[in-house]
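here's a sequence, model it:
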Amino acid sequence: MTYYDKNALKLSHALLKERVKQGDIAVDATAGRGRDTLLLSELVGNEGKVYAFDIQEDAIRSTRELLTEHNRKNVSLYCESHHKMAEYVKKANAVVFNFGFLPGGNHEIYSRGDTSTKAIEAALSILADDGVISICSYYGGDTGFEERDALLTYLENLDSKQYTVMLHSFHNRKKCPPLFIVIEKNH
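Numbers count the residues shown, from 1 in each chain. Just a heads-up that it's a prediction; the model follows:
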């Protein structure tokens with residue numbers, strides 16, 4: 001695999017294609033425009049289940065339209081904060097986050113460090129043994145640095161006996177390229 005043509009989202013999708021299997025339970029914690037939800041839905045197949053969350057009705061509507069267009073019926077959508085996912089999901093093999101703001105949406109609505117770290121905590125509480133969490137952190141602009149710093153501080157303090165945290169950074173790319181973070185639950 002080469003990395004020169006990759007970005008955080010492509011790396012996330014490659015990881016998900018490798019790790020998510022038919023019959024799995026997956027969570028798209030930030031549904032956005034539904035692309036990750038659709039991918040997860042296809043990967044888990046009809047035997048699996050996907051739960052997708054977003055606080056913006058616009059995101060839920062976009063995701064629903066994309067799933068309908070692709071005739072995907074194994075997804076439950078919630079207009080709810082991702083930090084409440086454990087109230088809806090008991091166990092998941094994979095959880096996906098894209099932190100930042102809704103593409104093409106209102107840039108005054110964005111994810112924040114306090115709720116994002118709570119959301120990761122919720123994801124860890126439902127993560128199956130050998131489960132994986134994929135995080136793309138779009139931290140540029142006026143708002144994302146606080147969240148990025150909160151995430152990195154939280155993640156570096158996770159128990160290394162329970163979790164492996166990998167941070168991928170496109171270090172020589174300009175203008176705050178998104179970070180790709182993987183958390184694996186050790187068994």
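
who does the longest strand seen in the chain pair up with?
Longest strand in the chain, counting residues (DSSP state E): strand 127-137. Using DSSP bridges, the strands paired with strand 127-137 are strand 92-99 (parallel), strand 179-185 (antiparallel).

tell me the most buried of those?
Stretch with highest mean neighbour count among these: strand 92-99 (a mean of 26; mean count of other C-beta atoms under 10 Å). Just so you know, the C-beta spots here come from the backbone N, C-alpha and C atoms, and that holds for glycine as well.

distance between that strand and the chain's centre?
3 Å (C-alpha atoms, centre = their mean, to the nearest Å).

quick check: the nearest residue to residue 65 once chain neighbours are set aside vs residue 61, distance?
Using C-beta to C-beta, 6 or more residues apart in numbering and skipping residues adjacent in sequence, the residue nearest residue 65 is residue 34, 7.5 Å away. Separation of residue 34 from residue 61 (C-beta to C-beta, to the nearest Å) stands at 9 Å.

ok, those two, which is more surrounded?
Higher neighbour count among residue 34 and residue 61: residue 34, with 26 against 15, using other C-beta atoms under 10 Å.

right, I'll leave it there.
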